[in-house]
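# Need coordinates for the following:
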Amino acid sequence: MRVAIVINTSWNIWNFRASLVRALQAAGHEVLAIAPPDDYSARLETELGCRFVPILMENKGTNPVKDAALTFRFYQIYRREKPDVVLHYTIKPNIYGSIAARLAGVPSINNVSGLGTVFIIKNFVSRVARGLYRFAFRFPHKVFFQNGDDRQLFLDHGLVRPEITDLLPGSGVDVNKFRPAAEFTRQTPFVFLMVARVLYEKGVVEYFEAAKAVRAAVPGTRIQLLGGLDEAGGVGVPRATFEDWLRRGDIEYLGRSDDVAAHLHRADCVVLPSYREGTPKTLLEAAAVGKPLITTDVPGCRETVVDGRNGYLCQVRSGADLAAKMLQVLALPEADLQRMGCASRHLAETRFDEQLVLDKYLTAIAEVQVA
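A predicted model of the protein is given here:
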């Protein structure tokens, strides 16, 4: 079969769907990658071996004229490339790609990997988005959700039929690639790490607030942030504001990296104070390398932590509570810190192994093939 993977950035396919591409190819499928071109587009062809098909797509904003044009572009590509099934990810492919796939007579499988600001912030745009989901989600063969809260929210609002939904453990994590170090080492000074784009909804403000409090209580503690700036759509922290925060000296900004595992290994605890997620890949990777986690008690994040066992849950939008949990981890004896890391690894192996995700996709595609 010819399987098309459709996401809002080539970077997203490279970072989060590479294992799926390889699994599909191993099962004998041809894979098309459909996304806006960026620095990772060529690597999809040269290193992953899937044909890249570019599409113009704005990730942010809701403009009826532009969205209608995007639907038509999806339709043109699906008619031209003739995929046997389309796998949609992220908001615009999920909505407009599903409509286009229906018009082109191509079955689709969708993945709701997080609800984004349209569900976090309740306003006119969010009401429009819910209406669009309700219409578009009449058409897919299956809709995967990454946590039960998101699925229930869609069911409560009547946005999707329950019989076409299923749950995935996030994007899963390659537990063979992401492994604990051979020997446990506590860093001196202690190192906290947050891996996320510099977006308000990721809890960046709260992380800076907590960093100031933690370093005041335990001077010398290293608090790091790894992730790119994203100023588009008003949800990212403006560069000038971010640089002003950095000048205070509480956080080491590491920029972006293609080797996240190396940074995870050098950290003692991984933090993500996000407002809401699907299931955050970075926390799954941190768990797989055996790190204690601190994250917010919100849908998507809370699934990655058994509070007090492999980390701590903190209050959302509370820098003070985040700081308290960070200080709690910092005060742990080495043996307890190591025990938490082992519990994270066990959770990754038993609940979040990406093979669980790959098997569900292969099964769903086989169902489409039979139909």
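# What is the neighbour count of residue 351?
Here the neighbour count serves as a burial measure; for residue 351 (other Cβ atoms under 10 Å) it reads 17. Every residue, glycine included, has its C-beta placed from N, CA and C.
# Ok, the one 3 residues further on next?
Applying the criterion other Cβ under 10 Å, we find 25 residues in the vicinity of residue 354.
# count of residues packed around the nearest residue to it once chain neighbours are set aside?
Spatially, and ignoring its direct neighbours in sequence, residue 354 is nearest to residue 172 (2.9 Å; Cβ to Cβ, 6 or more residues apart in numbering). Using other Cβ under 10 Å, residue 172 is surrounded by 26 other residues.
# Next up, the contacts around residue 172.
Residue 172 makes contact with 19, 284, 352-358 under the criterion Cβ atoms under 8 Å, 6 or more residues apart in numbering.
# I'd like to know how far it sits from residue 359.
Taking Cβ to Cβ, to the nearest Å as the criterion, residue 172 is separated from residue 359 by 10 Å.
# Quick check: residue 165 vs residue 362, distance?
18 Å.
# the more surrounded of these two?
Neighbour totals were compared for residue 165 and residue 362, and residue 165 leads with 20 against 16 (other Cβ under 10 Å).
# Show me where the stretch 251-371 of the chain has its helices.
260-265, 281-288, 319-330, 334-351, 354-370 (DSSP state H, counting those that start in this stretch).
# packing partners for the first one?
Identification of packing neighbours for helix 260-265 by 3 or more Cβ pairs under 8 Å, 6 or more residues apart in numbering; DSSP states H and E yields strand 191-195, strand 222-226, helix 281-288.
# okay, these in TSV with distance to residue 85, mean neighbour count and mean pLDDT next?
As requested, the helices and strands packed on helix 260-265 are arranged in TSV below (distance: least, Cβ to Cβ, whole Å; neighbours: other Cβ atoms under 10 Å; pLDDT from 0 to 100):
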stretch	distance to residue 85	mean neighbour count	mean pLDDT
strand 191-195	32	23	98
strand 222-226	35	21	98
helix 281-288	24	27	97
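# for this structure, what helix or strand is lowest in average pLDDT?
In the chain, the helix or strand scored least confidently by mean pLDDT, DSSP states H and E is helix 117-120, which has a mean of 62.
# Tell me the helix or strand right after that helix.
Stepping forward along the backbone from helix 117-120, the first helix or strand reached (DSSP states H and E) is helix 124-136.
# List the buried residues for that following helix?
Neighbour-count burial for helix 124-136, counted by 16 or more other Cβ atoms under 10 Å, picks out 126, 129-130, 132-133, 136.
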